[in-house]
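*Asks:* for reference, the sequence and a predicted model appear below.
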Amino acid sequence: MTTTPTTHVPEGAARPLRLGTRRSALAKAQSQRVADAVAAHAGRPVELVEITTYGDRSRAHLAQIGGTGVFVTALRDALLRGDIDFAVHSLKDLPTAQPEELVIAAVPRREDPRDVLVARDGLTFDALPDGARVGTGSARRSAQLLAHARGIGRAIRIVPVRGNIDTRIGYVRGGELDAVVLAAAGLNRLGRSGEVTDALSAGTVLPAPGQGALAVECAAVNVDLAALLAELDDPGTRVAVTAERSLLAALEAGCTAPVGALADLLADGQIVNEMRLRGVVGTADGSTLVQLSTTGPVPVSHQDAIALGRELASEMLAKGAAGLMGERAL
Ligand SMILES: NCc1[nH]cc(CCC(=O)O)c1CC(=O)O
């Protein structure tokens, strides 16, 4: 564990708040943004404390080391021990079960939730030739990409890859792959959105539940800190990701297939009058997808968002999601 002071500490000021972060460039970039926002709101210095997680250390495929949660556990352990005061997670990496000792004090405004393509020669997805090698370790992405490719009469090959964003894009630059699929939000936060060659619309590939959003977490007993962090909360993002994660939790109870979900607000003219929740589950080979959508009135309460997710999950399970089995974790 190493500590890097990131903000000037004025004499006589309160001790810095310790923000635990993973060591990856993406984790540090998103933690630094939150650190700056907290320092500005709270008038209190924030220092980043780097913590190595099992997911960062292991070279094994994510599915072999337990799938979701591997990036999160070490940060949560540090929170529970009191080594750090708060942590920033990519919301899509958080397991749906919330430990009761910890609280998500803020969900800041979400970035672009979509998946994007970084391909050789500026290619869009639809322009990839037959046999193109597309890198992703995500069964959710592979299911939807294979289904879309088949729909336009194209035969692509999915190559399982993992590693950080640099490593993945490196496979394209080095010619081993024709394209890789990544989250727009991660590239934006690293200042690398200029490398994107195609943004995949949610109608083509639904993102992971919570993709593009962050969760700012602290110990539940630390009510003053939770109140301070809550100033960063964006209520619209919070209800959207609550609906997406409610759908995920309800589907996890009945099927092991990969899940995509996105909640957004629909406007009738200038007036936002509905929240739409779209969900998909499928087999990793894309041969079967169950994709449904539902809407509910706004404003959306926390309970409404949970109900919308559960309602869509039960419709998806009834339409065949229950029989689907995923081969790989997200
Ligand atoms: N699976 C790792 C991960 N977790 C969060 C992001 C991107 C940032 C986000 O979705 O908020 C990524 C990288 C990726 O999927 O390209």
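*Replies:* Now that the structure is in, tell me what you want to look at.

*Asks:* got a list of what the residue lying closest to Arg238 once chain neighbours are set aside touches?
*Replies:* The shortest distance from Arg238 to any non-neighbouring residue, by Cβ to Cβ, 6 or more residues apart in numbering, is to Val107 (4.5 Å). Yep, even glycine has a C-beta here, placed from its N, CA and C like the rest. The contact partners of Val107, taken as Cβ atoms under 8 Å, 6 or more residues apart in numbering, are Leu91, Ala213, Leu214, Ala215, Val216, Asp233, Asp234, Thr237, Arg238, Val241.

*Asks:* any chance of those residues in JSON lines with neighbour count and distance to the ligand as columns?
*Replies:* Output for these, formatted as JSON lines (neighbours: other Cβ atoms under 10 Å; distance: Cβ to the nearest ligand atom, whole Å):
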{"residue": "Leu91", "neighbour count": "23", "distance to the ligand": "7"}
{"residue": "Ala213", "neighbour count": "24", "distance to the ligand": "6"}
{"residue": "Leu214", "neighbour count": "28", "distance to the ligand": "7"}
{"residue": "Ala215", "neighbour count": "22", "distance to the ligand": "10"}
{"residue": "Val216", "neighbour count": "25", "distance to the ligand": "13"}
{"residue": "Asp233", "neighbour count": "16", "distance to the ligand": "16"}
{"residue": "Asp234", "neighbour count": "15", "distance to the ligand": "14"}
{"residue": "Thr237", "neighbour count": "22", "distance to the ligand": "11"}
{"residue": "Arg238", "neighbour count": "21", "distance to the ligand": "15"}
{"residue": "Val241", "neighbour count": "29", "distance to the ligand": "11"}
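
*Asks:* tell me where the stretch 51-200 of the chain has strands.
*Replies:* Counting by DSSP state E, counting those that start in this stretch, one finds strands in the stretch 51-200 of the chain at the ranges 86-90, 102-106, 115-119, 133-135, 157-159, 179-183, 198-200.

*Asks:* surely Gly286 and Arg141 touch.
*Replies:* No. Taking contacts as Cβ atoms under 8 Å, Gly286 lies outside contact range of Arg141: 10.1 Å.

*Asks:* pretty sure Gly135 sits against Gly174.
*Replies:* No. With contact defined as Cβ under 8 Å, Gly135 does not count as touching Gly174 (11.4 Å).

*Asks:* the two - which one has more neighbours?
*Replies:* Counted by other Cβ atoms under 10 Å, Gly135 and Gly174 do not tie: Gly135 has more neighbours, with 26 against 8.

*Asks:* could you list the residues of the stretch 51-200 of the chain in contact with the ligand?
*Replies:* By the rule Cβ under 6 Å from any ligand atom, the part of the stretch 51-200 of the chain lying against the ligand is Ser90, Lys92, Asp93, Leu182, Ala183, Ala185, Gly186.

*Asks:* look at Gly286 and Arg141 and report which has more neighbours.
*Replies:* Neighbour tally, Gly286 and Arg141, criterion other Cβ under 10 Å: the higher count belongs to Arg141, 27 against 20.

*Asks:* name the nearest residue to the more buried one, sequence neighbours excluded.
*Replies:* That would be Val181: by Cβ to Cβ, 6+ apart, it lies 5.1 Å from Arg141.
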